[in-house]
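> Need coordinates for the following:
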Amino acid sequence: MGLKDVFLGWPVVKQLTGDDPLGRGLAAQSARSAALQPRTATADRVVQSVCPYCAVGCGQRVFVKDEKVVQIEGDPDSPVSRGRLCPKGSASEQFVNGSRRVTTVKHRKPYSTQWEDLPLETAIEMIVDRMVDTRERTWQEHDEQGRRVNRTLGFASLGGATLDNEENYLIKKLFTALGAIQVENQARI
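Sure, this is the predicted structure:
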């Protein structure tokens with residue numbers, strides 16, 4: 001590539017000598033940027049989903065390539081959000097692909113300073129054993145005035161905003177069936 005080719009490739013020269021006198025189109029475009037294409041164009045498939053963050057239920061289009069999420073955008077067909085997402089919803093691709101996302105069950109033994117990975121089945125068994133034990137130790141059939149209450153004050157539930165309405169509904173039903181009365185959701189707080 002000679003000096004003349006470099007000179008003719010300058011954006012201001014392309015702007016003054018080409019069909020883009022305002023420099024808003026091809027004159028301002030480099031060869032690199034002309035070759036770029038959106039991540040959505042290379043996706044193998046598009047999956048419709050719902051944003052996981054709050055109870056609004058904004059529609060999302062999830063672009064997947066090689067079974068990996070490459071982009072998440074608002075779904076223009078959604079009657080709820082009509083293609084729009086809030087900043088959290090727009091950044092939900094990082095919720096899936098973030099380099100600091102924890103993908104294993106972590107456990108810290110009493111008095112330990114280190115976290116260790118646990119198999120999911122072991123963690124679930126530990127949680128169930130502790131909940132059953134706590135429920136048995138703290139169960140109240142009657143209150144101080146003799147009224148039937150059938151409850152436990154030994155544990156509570158605080159749901160997360162990354163759970164959808166259906167998951168929070170099922171968690172509420174589970175904890176109510178277990179007798180817990182302190183059931184809350186972070187999205188509502």
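> First-to-last residue distance for stretch 147-158?
27 Å (Cα to Cα, to the nearest Å).
> same deal with stretch 146-155?
In terms of Cα to Cα, the two terminal residues of stretch 146-155 are separated by 22 Å.
> For it, report the contacting residues that lie outside it.
131, 134-135, 137-143, 178-182 (Cβ atoms under 8 Å, 6 or more residues apart in numbering). The C-beta positions use only the backbone N, C-alpha and C, and glycine is treated the same way.
> How about stretch 54-61?
46-51, 72-75, 77-78, 80-81, 83-86, 88-89, 92, 161, 164-165, 187-188.
> What are the buried residues along it?
54, 58-61 (16 or more other Cβ atoms under 10 Å).
> related to what we said a few turns ago, and the contacts of stretch 54-61, which are buried?
Members of these classed as buried by 16+ other Cβ under 10 Å are 49-51, 72-75, 78, 81, 85, 88-89, 92, 161, 164, 187.
> got the contact list for the host helix or strand of Val132?
Taking DSSP states H and E as the definition, Val132 sits inside helix 120-138. With Cβ under 8 Å, 6+ apart as the test, helix 120-138 has contacts from 105, 107, 118, 152-155, 178-179.
> Repeat the analysis, applying 6 Å as the threshold.
Contact with helix 120-138 is made by 105, 152, 154-155, as judged by Cβ atoms under 6 Å, 6 or more residues apart in numbering.
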